[in-house]
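J.: what follows is a predicted structure for the sequence shown.
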Amino acid sequence: MPDISLDRSVLGESLGVAKPVEVPATRYRQGGRDMFHITVAVAQLPQIVVKRPDPDHVIEGNRKVDASRARKFGTYLLGNADWVSPAIIVRAPTGELQFKNAAPPFADGTAWGVLTIPLDILTEILLLDGQHRTLGAFMALDTINEQIMAKRDAIERAGRNGNEDTVPELKQQLEKLRATRARFSREHVSVDIALVATDD
């Protein structure tokens, strides 16, 4: 049997390495603490706020999440191309995020740069404000993906059952759903990150 060789150089050195989240950011001070302002695509929000707000579990310092209110925001996101939303505020432990200036800081101390968030601290990022909007965004992403899967299944079923005349309309509906999902990758929500001291 001949030896099988693999040229690993074509795969890239970072393949298989867990990469941190890197986003453009503004660093500033508020209430005596360091803060970062970032914008992320709606579709990327679950990558930053990995702990999905749970109506059955109250987050410390927050009120109980109302699933109906969150669902209304998700419906608003799905149905309005001209939606608007204030920033979501989260907290992260001090000393865990890295910020690299892209230019000299301004006279007031604010700075533009790149914020690096290690993957292993993502579950320590907790919501301070905006849990209904965050859960609503999760729900909107769930809904659009479920609708796309259901439409694909309907197209396959129609073809299998000989209902070819319905396929063009179903495909048109699928494209509209995909366009909505693509919008969530192009449009952004603001996230303000407050650094809080740990107990160590």
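T.: Yes, it's here.
J.: ok, now which ones touch the residue nearest the centre of the chain?
T.: The residue lying closest to the centre of the chain (Cα atoms, centre = their mean) is Leu45, at 1.6 Å. Residues counted as contacts of Leu45 (Cβ atoms under 8 Å, 6 or more residues apart in numbering) are Ile88, Thr134, Ala137, Phe138, Val189, Val191. For every residue, glycine as well, the C-beta is placed using N, CA and C.
J.: make it 7 Å
T.: For Leu45, the contacting residues are Thr134, Ala137, Val189, by Cβ atoms under 7 Å, 6 or more residues apart in numbering.
J.: helix or strand for it, which one?
T.: Leu45 belongs to helix 45-48 when assigned by DSSP states H and E.
J.: same thing with Phe138?
T.: helix 131-160.
J.: and the helix or strand following that helix, what does it pack onto?
T.: Moving toward the C-terminus from helix 131-160, the first helix or strand encountered (DSSP H and E) is helix 167-186. Under the contact criterion of 3 or more Cβ pairs under 7 Å, 6 or more residues apart in numbering; DSSP states H and E, helix 167-186 touches strand 33-41, helix 131-160.
J.: what lines up beside the first one in the sheet?
T.: In other words, strand 33-41. strand 21-30 (antiparallel), strand 188-196 (antiparallel) (DSSP bridges).
J.: tell me which of those sits most buried.
T.: strand 188-196 (a mean of 19; mean count of other Cβ atoms under 10 Å).
J.: quick one: it to helix 131-160, angle?
T.: Interaxial angle, strand 188-196 versus helix 131-160 (axes from the mean of the first three to the mean of the last three Cα atoms, to 10 degrees): 140 degrees.
J.: contacting residues around strand 188-196?
T.: Contacts for strand 188-196 (Cβ under 7 Å, 6+ apart): 33-42, 45, 48, 85, 87-94, 128.
J.: at 6 Å what do you get?
T.: Residues outside strand 188-196 that contact it (Cβ atoms under 6 Å, 6 or more residues apart in numbering): 33-39, 41-42, 85, 87-92, 94.
J.: can you say which of the residues you listed are buried?
T.: Among the contacts of strand 188-196, those classed as buried by 16 or more other Cβ atoms under 10 Å are Asp34, Met35, Phe36, His37, Ile38, Val42, Ser85, Ile88, Val90, Arg91, Ala92.
J.: surely the fourth one and Thr26 touch.
T.: Yes - the pair His37 / Thr26 is scored as a contact, 4.4 Å apart, by Cβ atoms under 6 Å.
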